[in-house]
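S.K.: Using only what follows, build the 3D model:
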Amino acid sequence: LFPRAAGWARRDQFGALVAREARYWWRDARRRANLITIAVVGIFVPVLVNLGGAGFTTNTGQGFGQGHAEPSAGLVSLSMLFVGVVAAVTLANQFGFDGSAYAAHIVAGVRGQQELRARMTAFSIYVVPMLAVVSIVIAVVLDRPGWIGLTAGGLFASYGAGLAVNSFVSVLGAYALPETSNPFALNSGAGVAKSFLTMLAMLATAVAAVPMVVAAALLGDVWHWLA
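M.R.: This is a model prediction of the structure:
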């Protein structure tokens, strides 16, 4: 019953939970839609932010002209922070996917800490490789291969901060999802409250990871090694 992606996991309760979640992230249409969103956002948003606006530069005596702007370490780090935040916020309501089936975990006496670690591990089996590809692709597209450490460091720092924040949000603010495989289905009512929970998780993650952006803007080449 252990899928190939989780074949390395121990054959115990933790491993069983990882295997279960890994299988569900691949088979459940609602979960798979979130993985696709992460992959799309992870590539296109940083590319658009860093390459989409060759900026406006001032030409002496000629007003404003279209110019080519050098990539900014601070802006690149900010785009990496955004991708990490979006990737991690998928777990803001991770127990909602289970619905009433979660009762089986309660009956089995699964410890909360082990539950959260297993869920984050299974989710990361799919997300971490995507984030690694994003960090390399963005550095290559910007023609800054020496920035792979910068992009990967900022990206994984914001993703890690997001896992920590969303672990609390998913426990304290869990809500039921519709009993359907439609990834776009939503329950009626309390929509604003649910949106606020997601926004709160994203904001808290951004605050926790923003020192990475500040360091990238102020420390220069030193940060390329520390990131």
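S.K.: Residue 126 and residue 3: what is the separation?
M.R.: 11 Å (CB to CB, to the nearest Å). (Each C-beta comes from the backbone N, C-alpha and C, glycine too.)
S.K.: Determine the residues that are contacts of both of the two.
M.R.: Common neighbours of residue 126 and residue 3, using CB atoms under 8 Å, 6 or more residues apart in numbering, are 22, 26.
S.K.: per-residue confidence at residue 213?
M.R.: The score at residue 213 is 86. That number is its pLDDT.
S.K.: Does it touch residue 154 like I think?
M.R.: Yes: between residue 213 and residue 154 there is a contact at 7.3 Å, judged by CB atoms under 8 Å.
S.K.: the more surrounded of those two?
M.R.: Neighbour count, other CB atoms under 10 Å: between residue 213 and residue 154, residue 154 has more, with 28 against 21.
S.K.: isn't that one right next to residue 77, touching?
M.R.: Yes: between residue 154 and residue 77 there is a contact under CB under 8 Å: 4.4 Å.
S.K.: Need the residues touching each of those two.
M.R.: Applying CB under 8 Å, 6+ apart, one finds that residue 154 and residue 77 are jointly contacted by 212, 213, 216, 227.
S.K.: pLDDT below threshold where in this structure?
M.R.: Scanning the chain for pLDDT under 70 picks out the ranges 52-69, 178-193.
S.K.: let's see 80
M.R.: Applying pLDDT under 80 to the chain picks out residues 50-71, 99, 175-195, 220.
S.K.: what residue is smack in the middle of it?
M.R.: By CA atoms, centre = their mean, the mean C-alpha position of the chain lies nearest to residue 87, the distance being 1.6 Å.
S.K.: Packing partners of the helix or strand harbouring it?
M.R.: According to DSSP states H and E, residue 87 maps onto helix 73-88. Other helices and strands packing on helix 73-88, by 3 or more CB pairs under 8 Å, 6 or more residues apart in numbering; DSSP states H and E, are helix 29-51, helix 112-141, helix 148-172, helix 191-219.
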